[in-house]
Structure formats: structure tokens, C-alpha cells
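Asker: here are the coordinates; sequence isn't available:
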């Protein structure tokens, strides 16, 4: 039965684990296949051509895993490679742009929404377009914040330096936006720091949580869920650097090393 | 004549351009072939296995360019893949570890030397070993400083934030070391910030300059120079993201775009 099939999830590296973590909370009975392209991370500073080439390789691999749905847990790919993916496979494809944009529009009272992401995501203006599509009075403040990824990856969280970096990028927004959209799946780990800098009243929209809700809602509506079963995850990464397992433990709260295999997509060609 | 052959230079990305820039100053009449693996940068957080795999691909490519010498302008590869390279080719291979280590030992009076680099370079302990090999009383302070690369790549130089990041990593060394060895070819762009934080008395050893001196000295001694000729550089990069050309202009002081070609090593396999 097709409900028995797995859900494919991929990211350029560890960030997509925040999406997987939200999926596991909402849809714990599913089988998941996760691919993290840790050998070629980050994608955010690469050209669309390169990102699409990598995306094709990953989608081909996951399509071979007999999946019923695909979650693009990477903002850079969501903003660059989505049409290519939809041309390649004929299953529901979820991305991390539209669900959080919709949630941001619902949350904001003053219609001033800040969006942060990689340089590629921000210059693609994908969030800016989605946020103003239905209401041109929405004001979008966009900023590429490339230092946030290494802050997260180096676990420099909750420090004076974390605050300095936030201030460096976002100081001008402090008395302005009422909603902050996290346009990169790494950023949920910075939420306590954003909260501490901006104060309690800011709405923080976490794309990981929003996309998981979207998948959950869709699966339920289409009767595609795997019900009353215990789920599992198979992890594939292109480079088994220690950081992946470290983050997996941090984000998913358990050790995944025995479910984790190395896969070099470039070598397969 | 073999003197007419080119010198191969490679790095994971833009950092090696600091080495190339020093080479162009000391050996302006040479032909150079530069490869920057901009599609897979950074190497510093990848496993040795992956780094060696990438190194093999690059050396194979450069060996096909009929070169008389090879400069590994990447500290991560210098500390991880050198034996593999020397097994692959039978020409002089220069690396960015030994020349700056020797210069640091010559410069230091108090024998307290700080070394900074990527996580892979620092955990390999290659500098620590080279610096203490001849004199066990040398005290090496080593710190991996992964945020410095995005600071340089984002051009966040000379700002309060730059100072904060330097303080975050190196505050404990301030009244301690008299010599700082820059174990990553990106870091020369941070020299004014290091100088401003540590004061004028600190000896700063720039690996780019030291390795260029080594190549110059060797070429002269072996009569391998291309004399009274005008030189040139052919650039190959694996991803033509705008940042490479931006940094090339910044480091080399001119526009290289017309000498620059895209080469996807993974696709060639």
C-alpha cells in the first residue's frame, strides 16, 4: 500500500534536521529517508546552476527509495530548484517557503515582517514575492545573515557574541518589525537569542515547524498517513563529519549513528 | 624547456588567492594555473577521506596542465592530503605549513606562539608538531576559529563585530603570545584587525607570504624560473559564484573574469 512508503527529506546539511524533528513530532508513525549533503554544504553561496545540479542528484537518489512525498528542507533549494524537482517526480513536494510565509502574514499585526536567510535565498526575493503577493501594503524587511549558520554549527549560542552578531545584522529592525521569519532551517536553534534580543512580543516564525504542519495537514486530508505503526528514519549523508551526529543528537535528542550511512552522490556518477 | 611550464596553485576556494598574490609579487614572470573548489568550499569541516578524494581530483586536473611545480595553497589539504599528492606526481610540491612554522620560530622571542586555523587544521595538530619538533620548550597555543572565514568572505572587516569575534576566540592570548601564525589562507585579510586588537608588537606570520618566499627561493636555486618574460594566470573554479571574482579583485587588485573558466570536477568522473 502506498501509505507504507517513506517520506523523503533533504537538506544541504544539518539544518533540515529541525524540519525532520518537527515532522517526527506531528507524524511519528512515518518512515523517513533523510539525506544531508554534508560534503557540499553550504549551498547558500553557490550559483543556481550548481544548486540545481546537486538537487537533481539528491532527488534521483530519494526517488529510488520508493517515497510517497518529498520535503525540501532547505530554503536555498526551495527558492532555486523547486520547478526542476516537480518536473522530475510525480509525488507531493513540500517546500519551506510558502507555509512560513503564510504563517507570518497571519501573525503580523503591523504588516512589517523581517525575513532572514542565506544570501542566495534573500537575493532570490522568493519570500518578498510570496509575502506581498496578496497584499501590497505588507512591508518586507529582508537581510542575508550568513554568519548565523557558522554560529549555530559552532554552537556559539546564548553568548555575548551571538547577541553582537544579531545586533550587527538586525539592529535597524528592533523598533520596527513585529514578525521575524526564519528563512533558513538552521535558525530555529537561535530562537532564544532572537527572543532575548527582540523581546517577548516578536512573533518568530520557524519554517521547520510550519512545513511539518503543512505536511501533516496534507497527509491527513489525503488519507496518506501510516497509522498506528512505529516510525523510523534512515539517514544518508555525503560526508560523515562528526558535526552531523553532534547536531542530530542536539536537535533530535538521541544518537542516530547506527541509522546513518555514507553516500557520495558525485562518486556514483 | 621545462622552465616554460606553469606553476599549479589550488585551494578550496578564495583563500589561496592570497598565496597567488604573494607569488605574483615574487615571481611575476611565471605562468600559473589556479584552481579554486568554490562548489565544495569549505574543506575545513569535512572528513579527511572526503578532503583526500577532492584533492586527488584537483591534482589529476592540474597534472594534466603540464606544470613544473604545485603549490597547495590550502591549509586543510596541506595538513591532510600531502602524502597522497606526493605519491601522485613527481614535481616539487609546496605546502603552507612548514614555511610559516619556520618563520614563526624565527620571529618569536618568548617561544609562545599562537596558531589559528580551521577545525580540521587545528585538530590535525600539524602546526603543533612542526613547531615543537626541534625545541620542546616552545609553547604552542592553538585555537580553531571557524567564524573568521565567513567574516572575511562577508567582508566584515574593521568593524566592532570583527573585534568581538577576535576577542571571543583569542582574548586569553592577549598578554601571552608574541607571535601569531595565521594557519588559513583567508586570514591575511584580517591582519589589520589582529594588529588593532593585539597591538603593534605582535609578530604576525602570514602563511601566504611565507610559502611564496619558499617557492621563490627554491625556483631560483634550481634555475627553474621563467626569466624576462611576462607571466599570466589561468583560473579555474568549480562554481562561478560572484564572490570569487569579488575576492579576486580585492586580493589581486584587478578583474580576472576573462581569465576564469568553470570546471566541475565531479561531473568529469
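Answerer: Noted; the coordinates are in hand. Worth saying up front: this structure is predicted, and the values here are computed from it rather than measured. Numbering: from 1, shown residues only, chains lettered A, B, ... in the order given.

Asker: ok, and what's touching stretch A:81-100?
Answerer: For stretch A:81-100, the surrounding residues in contact (C-beta atoms under 8 Å, 6 or more residues apart in numbering or on different chains) are A:19, A:48, A:51-52, A:55-56, A:59-60, A:63, A:67-75, A:77-79, A:126-127, A:130, A:181-183, A:185, A:205-208, A:210-211, A:213-215, A:218, A:222. C-beta here means a position set from N, CA and C on the backbone, and glycine is covered the same way.

Asker: so, low pLDDT: which residues of the stretch 1-150 of chain A?
Answerer: Counting by pLDDT under 70, the stretch 1-150 of chain A shows low-confidence ranges at A:1.

Asker: show me which residues of it sit near chain B.
Answerer: Residues of the stretch 1-150 of chain A lying close to chain B by C-beta under 8 Å from any C-beta of the partner chain are A:38-40, A:45-47, A:49-50, A:53, A:146-147, A:149-150.

Asker: what are the ranges of the helices in chain A?
Answerer: Per DSSP state H, chain A carries helices over the ranges A:16-26, A:48-63, A:75-80, A:82-88, A:98-107, A:119-124, A:126-132, A:148-153, A:160-170, A:191-198, A:207-221, A:242-252, A:265-268.

Asker: tell me which of the ones you listed is the most buried.
Answerer: By mean neighbour count, with neighbours taken as mean count of other C-beta atoms under 10 Å in any protein chain shown, helix A:75-80 ranks first of the helices of chain A at a mean of 28.

Asker: what's that helix in contact with?
Answerer: Counting contacts by C-beta under 8 Å, 6+ apart, the residues outside helix A:75-80 that touch it are A:10-12, A:42-44, A:48, A:51-52, A:55, A:72, A:85, A:95-97, A:117-118, A:120-121, A:124, A:126-127, A:183-185, A:207.

Asker: OK, contacts around whatever residue of the stretch 1-150 of chain A ends up closest to chain B?
Answerer: Checking the stretch 1-150 of chain A residue by residue against chain B with C-beta to the nearest C-beta singles out residue A:50 as nearest, at 4.6 Å. With contacts defined as C-beta under 8 Å, 6+ apart, residue A:50 is in contact with B:39, B:238-239, B:241, B:264.

Asker: please repeat the previous calculation with a cut-off of 10 Å.
Answerer: Neighbouring residues of residue A:50 by C-beta atoms under 10 Å, 6 or more residues apart in numbering or on different chains: A:40, A:43, A:80, B:38-40, B:238-241, B:262, B:264.

Asker: which of those residues are buried? Put it as a PyMOL command.
Answerer: Buried members of the contacts of residue A:50, defined by 16 or more other C-beta atoms under 10 Å in any protein chain shown, are picked up in PyMOL with:
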select buried, (chain A and resi 40+43+80) or (chain B and resi 38+39+40+238+239+240+241)
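
Asker: just flag the most distant two among the residues of the stretch 1-150 of chain A next to chain B.
Answerer: Across the residues of the stretch 1-150 of chain A next to chain B, the two members that end up farthest from each other (C-beta to C-beta) are A:53 and A:147, 26.5 Å apart.

Asker: turn the contacts of residue A:50 into JSON lines, columns for distance to residue B:231.
Answerer: Shown next, in JSON lines, are the contacts of residue A:50 (distance: C-beta to C-beta, whole Å):
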{"residue": "A:40", "distance to residue B:231": "33"}
{"residue": "A:43", "distance to residue B:231": "35"}
{"residue": "A:80", "distance to residue B:231": "38"}
{"residue": "B:38", "distance to residue B:231": "23"}
{"residue": "B:39", "distance to residue B:231": "27"}
{"residue": "B:40", "distance to residue B:231": "28"}
{"residue": "B:238", "distance to residue B:231": "24"}
{"residue": "B:239", "distance to residue B:231": "26"}
{"residue": "B:240", "distance to residue B:231": "23"}
{"residue": "B:241", "distance to residue B:231": "26"}
{"residue": "B:262", "distance to residue B:231": "23"}
{"residue": "B:264", "distance to residue B:231": "27"}
